[in-house]
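Q: Give me coordinates for this.
(chains A and B)
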Amino acid sequence: MTLRVYDTRMREKRELSTLEEGKVSMYVCGITPYSPSHLGHARCYLAFDVVHRWLEASGYDVDYVQNFTDIDDKILDISDAEGVDYSVVANRNIEDYLDVMDAMNVLRADHYPRVTETISEIIEMISVLQDKGHAYVGDDGVYFEIDTVPEKFGQLTGQTLDMVRAGAGGRVADTGSGKRDHRDFALWKLAKPGEPSWESQWGEGRPGWHIECSAMSLNHFGEQFDIHGGGHDLRFPHHEAEIFQSECCTGREPVVGFWMHNGFVNVDGEKMSKSLGNFWTIREAFQNHTPLALRYALLSVPYRNPIDLTPEFLEDAAMHFERLIEAYGKSLSSHADSGTDLSGASERFAAAMNDDFNTRAAIIEVQAVVSAEYGSEVAAWLEKHAGEVLGLLPDSEEVLAGLAKADSAREEVAVRVEALLKERETSRESKDWARADEIRDELASMGVVVEDGPDGPAWRLT
RNA sequence: GCACGGGUGGCAGAGUAGCUAUGCAACGGACUGCAGAUCCGUGGACCCGGGUGCAAAUCCCGGCCUGUGCUCCA
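A: Numbering: from 1, shown residues only, chains lettered A, B, ... in the order given. Just a heads-up that it's a prediction; the model follows:
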């Protein structure tokens, strides 16, 4: 069985092939830490977490790099407003990001390079580009000149130079900068008074947005690497700019084997984004749903499709998640093998994941196993698939502790409940339905649900 | 406007030519004083119009709708 991955550049699913047998170098564009992370971020890093996990489960040795853009205009805006150093804002939001990702069982990347720790490599890369004639110095910074390699344009979006040159339907006014052409992009921005800056041969300044990723990937992986991931919105200009920078710097192409882009989280059919202001932070979402239930929700749609976030969607996922945990807990406590054959489920699960990481189809297999007869083999299967690969399970100790806690809560009220149930049975025998229902209501107010069955009433706590 | 995606039953979402997707919801039955849980079962879809094929949700052409990108953005 082969793993097929959709590549944005070739616009097709292809069998994964890597530069080095058995190894995968993966770079995913990280956050700009100017505010707490929102659900759009969660979706992205959850998606690539599953990519990471499945590659490892498939036997690959994955080297995963994710950057932090810890200096940027918006960070500066906020640090100005608060009267603190930009690093305070960046560090605070990076911590928030790592916390919520940990809570959602996102495995850490191997490296988290920061722009401010990559300045010398960035300057080196820009000067190579300048030496090779791809960059020029403008009034306010250094720019990449698209016209030096026009054939590289449009690889991820299919746009041609002419159509962008034409002015995007009149939307491109003056560039307000020292660019020669509005399609050129900044490599180095000269500092305005009071801004944090670093020394360079072009003057005090800081890196443009796109160059960091090229410098970091070159730094960690060398001239080429296997997978580059990020949100769909980064295809242009960010990722196309990276192609220009990296390939013009090293002369090697393609810089990236597979470009992967995740779809958006939408609210009312519109992209959730900080600029539109229609976002929920991950922490806000935690108030209504547990981190893992949220993880379940966001993985229940294939990573390239948009997710339309509604309360119903989240509640549906939370329900499935609870069933999963219940099944896992019961399987853990049943020490005997129930003899269920799970090989078909394993095969279908693997086929789903091998088809461009189709977590939706994989979760359907999990749901099928959840409704199978519980036994120790079910616990083992769930740990391997729902746990290791999808990251949906808490520690077994935690689940068992939850069960124990529920048991003791049950014990606490058991005597009283049993007494009331006995009285209710007496009422039922004498067909005093009013009294029987009254007792049931009373139990309900204690959080006890009564379910009559052929063997008499059963009860559980809500 | 241009580019790239997507339009499948109430919802989510598989399916790239022929054989039930699946889950939730709905409906029916069993069970039940009622309710709930459970079990069994049922119905229901392929945006529109052309074309190619013995056969199209699936391929081709046209149209419509929608998302994203073209500006900071996961």
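
Q: make it CA atoms for all contacts and neighbour counts henceforth
A: OK.

Q: if I pick the residue of the stretch 201-350 of chain A found nearest RNA strand B, what's in contact with it?
A: Residue nearest to RNA strand B within the stretch 201-350 of chain A (C-alpha to the nearest atom of the strand): residue A:231, separated by 2.7 Å. Counting by C-alpha atoms under 8 Å, 6 or more residues apart in numbering, residue A:231 touches A:44, A:261-264.

Q: Pull the most distant pair out of those.
A: A:261 and A:264 (9.6 Å; C-alpha to C-alpha).

Q: Can you tell me the closest non-neighbouring residue to residue A:372?
A: Nearest residue to residue A:372 in three dimensions, chain neighbours excluded: residue A:340, at 7.5 Å (C-alpha to C-alpha, 6 or more residues apart in numbering).

Q: The one you found against residue A:370, yeah?
A: No: Residue A:340 lies out of contact with residue A:370 (C-alpha atoms under 8 Å); the separation is 11.6 Å.

Q: For the one helix or strand residue A:404 maps to, list every residue counted as buried.
A: Residue A:404 is part of helix A:396-429, with elements assigned from DSSP states H and E. By neighbour count with 16 or more other C-alpha atoms under 10 Å, helix A:396-429 contains the buried residues A:399-400, A:403, A:410, A:417, A:420-421, A:424-425, A:427.

Q: Over to stretch A:94-101?
A: A:94, A:96-97, A:100-101.

Q: Do any residues in it lie close to RNA strand B?
A: No: between stretch A:94-101 and RNA strand B, judged by C-alpha under 7 Å from any atom of the strand, nothing touches; the nearest distance is 11.0 Å.

Q: I'd like to check what contacts that stretch. Which residues are they?
A: A:33, A:36-37, A:42, A:68, A:107, A:282-283, A:291.

Q: Please check the residues you listed and keep the buried ones.
A: Buried members of the contacts of stretch A:94-101, scored by 16+ other C-alpha under 10 Å, are A:33, A:36-37, A:42, A:68, A:107, A:282-283, A:291.

Q: Most widely separated two among those residues?
A: A:68 and A:291 (22.6 Å).

Q: Including distance to RNA strand B and pLDDT, could the contacts of stretch A:94-101 go into TSV?
A: Shown next, in TSV, are the contacts of stretch A:94-101 (distance: C-alpha to the nearest atom of the strand, whole Å; pLDDT from 0 to 100):
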residue	distance to RNA strand B	pLDDT
A:33	8	95
A:36	10	93
A:37	8	93
A:42	7	94
A:68	9	96
A:107	17	97
A:282	12	94
A:283	16	94
A:291	17	94
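
Q: Among the residues you listed, which are located in strands?
A: The members of the contacts of stretch A:94-101 all map outside strands under DSSP state E.

Q: So residue A:104 sits against residue A:296, correct?
A: No: when contacts are counted by C-alpha under 8 Å, residue A:104 is not listed as touching residue A:296 (9.5 Å).

Q: So which of these two has more stuff around it?
A: Neighbours were counted for residue A:104 and for residue A:296 using other C-alpha atoms under 10 Å; residue A:296 has more, 28 against 24.

Q: From the chain's centre, how far out is the host helix or strand of that one? Work that out for me.
A: In the assignment (DSSP H and E), residue A:296 maps to helix A:291-299. How far helix A:291-299 lies from its chain's middle: 10 Å, per C-alpha atoms, centre = their mean, to the nearest Å.

Q: quick one: contacts of that helix?
A: A:42-43, A:46-47, A:100, A:103-105, A:285-286, A:307, A:313-314, A:317-318, A:321-322, A:359-360, A:392-393.

Q: can you pull the buried residues of it?
A: A:291-299.

Q: which residues does the residue of the stretch 1-150 of chain A found nearest RNA strand B contact?
A: At 3.5 Å from RNA strand B, residue A:40 is the closest residue in the stretch 1-150 of chain A, using C-alpha to the nearest atom of the strand. With contact taken as C-alpha under 8 Å, 6+ apart, residue A:40 is in contact with A:264-265, A:272-273, A:279.

Q: now do residue A:336
A: Counted by C-alpha under 8 Å, 6+ apart, residue A:336 has contacts A:375-376.

Q: go on, residue A:257?
A: The neighbours of residue A:257, taking C-alpha under 8 Å, 6+ apart as the test, are A:18, A:224-228.

Q: and it, which of the three is it?
A: Assigned with DSSP: H, G, I helix; E, B strand; the rest coil, residue A:257 falls in the strand class.

Q: burial count for residue A:393?
A: 25.

Q: any idea how far it is from residue A:315?
A: 18 Å (C-alpha to C-alpha, to the nearest Å).

Q: Next: residue A:434.
A: Counting by C-alpha to C-alpha - residue A:434 and residue A:315 are separated by 34 Å.

Q: swap in residue A:95?
A: To residue A:315, residue A:95 is 28 Å away according to C-alpha to C-alpha.

Q: returning to what we had before: name the residues linked to the residue of the stretch 201-350 of chain A closest to RNA strand B by a beta bridge.
A: Legend: beta-bridge partners of residue A:231 under DSSP bridges are residue A:262.

Q: Around RNA strand B, pick out the residues from the stretch 351-462 of chain A.
A: For the stretch 351-462 of chain A, the residues in contact with RNA strand B (C-alpha under 7 Å from any atom of the strand) are A:355, A:358, A:360-361, A:364, A:367-368, A:428, A:433-434, A:436-437, A:450-454.

Q: Sounds good, over and out.
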